[in-house]
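Engineer: Sequence below, structure please.
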Amino acid sequence: MAPRIQYATTSDGLKIAFSSIGRGPVLLYLPQPLMTPLQAYEQVPAIRSFTDRLAESFQVVRFDHRGSGLSTRSADSFVMEPLLRDVEAVIDKLGAQELSVFAEFDSGPVAISLAANRPALVKNLIFWCSWSRSLDVFDKDTWTALNSLLDTNMQLYFETIGQGSLGGTGLDVRETMKPVVEGVERETLKKAIEDFWLLDASDLLGSLRCPTLVLHREGLLMPLEQTVDLASRIPEGRFVVLPGVGGVPWAGDVEEVLRAVEDFLLPDRVNPERFPQASTLRTVLFTDLVGHAG
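Structural biologist: Numbers count the residues shown, from 1 in each chain. Here you go, the predicted model:
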């Protein structure tokens with residue numbers, strides 16, 4: 001049964017759709033903006049299974065950013081401030097006093113800003129293949145060329161991105177990306193992509209005080225060095241390389257992802273029988289390394 005959709009109102013008057021499932025400590029799942037709509041819970045079994053597994057231990061809260069999914073579609077700015085308004089509206093509606101944040105890809109700068117601005121609220125941070133400054137990660141000219149597909153074939157654009165994230169997982173790329181294609185308008189996405197290049201929270205990394213886990217999957221196109229750098233600049237940063245396939249946390253070898261999350265957030269409640277295979281995680285605590293933190 002799908003979780004009930006609720007709505008929160010931002011300070012600038014937009015409606016943000018969110019859902020909450022499970023019981024336990026609050027885990028706020030920050031989606032890649034405009035790319036993981038709430039409808040995907042019902043339409044993509046892999047996302048539903050991953051969310052349900054997390055909900056066995058946490059109250060998992062997911063939402064659609066402005067301009068996408070079930071939230072207000074008429075949005076024209078996707079820089080840091082409006083994206084933070086979306087997150088704050090959901091948090092205020094929940095009435096949460098403390099929570100942990102799971103941030104994937106482009107949501108990294110937003111999560112960093114939230115944790116830096118509200119240290120009493122954010123108890124833990126988890127990053128999945130993320131970064132603090134968009135321009136440090138990808139070649140803008142390459143992505144500009146890819147984004148030109150939006151003007152001619154939006155379906156092919158999403159399938160091209162999906163192939164990079166879902167290759168080797170056994171999932172049907174077209175079917176998996178279907179709710180994403182349906183969840184955003186072409187012009188809205190083009191504006192969002194322009195604004196994503198402006199996202200930058202790198203100057204806040206040194207001010208973070210909460211324990212932070214940075215996860216990276218072996219073999220991704222995204223440079224390993226960028227996630228290493230992210231973890232090394234956070235005072236309580238921990239870096240873990242996960243084996244297996246899957247550029248998104250909910251596809252491919254999800255057991256290692258779930259184990260890493262639960263080990264980090266609930267170390268006293270981990271049930272070894274739930275994850276019977278010995279973990280092959282490679283973990284680095286940057287407080288023990290010389291020459292990384294700068």
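
Engineer: Mind jotting down where the strands sit in this structure?
Structural biologist: Residue ranges of the strands in the chain, as given by DSSP state E, are 5-9, 15-21, 26-30, 59-63, 99-104, 122-128, 212-217, 237-242, 282-285.

Engineer: Give me the residue at the spatial middle of this structure.
Structural biologist: E104 (2.0 Å; C-alpha atoms, centre = their mean).

Engineer: Which residues are in contact with it?
Structural biologist: 30-32, 36, 127-130, 248-249 (C-beta atoms under 8 Å, 6 or more residues apart in numbering). C-betas here are computed from N, CA, C, even on glycine.

Engineer: contacting residues for the spatially closest residue to R62 that is not a sequence neighbour?
Structural biologist: Once flanking residues are discounted, R62 sits nearest to Y29: 4.7 Å by C-beta to C-beta, 6 or more residues apart in numbering. If you count contacts by C-beta under 8 Å, 6+ apart, Y29 has them with 51, 54, 60-62, 102.

Engineer: Out of the residues you listed, grab the one that's most surrounded.
Structural biologist: Neighbour tally across those (other C-beta atoms under 10 Å): the maximum, 28 neighbours, falls on F102.

Engineer: Low-confidence stretches in the stretch 101-250 of the chain?
Structural biologist: Residues of the stretch 101-250 of the chain that meet the criterion pLDDT under 70 lie in 221.

Engineer: if I look at the closest residue to D136 other than its chain neighbours, how far off is D76?
Structural biologist: Nearest residue to D136 in three dimensions, chain neighbours excluded: Q226, at 6.2 Å (C-beta to C-beta, 6+ apart). Remark: distance between Q226 and D76 (C-beta to C-beta, to the nearest Å) = 29 Å.

Engineer: Next: G67.
Structural biologist: Counting by C-beta to C-beta, the gap from G67 to D76 is 8 Å.

Engineer: Pull up the overlap in contacts between the two.
Structural biologist: T188.

Engineer: The two - which one has more neighbours?
Structural biologist: With neighbours defined as other C-beta under 10 Å, G67 and D76 compare such that G67 has more, 26 against 12.
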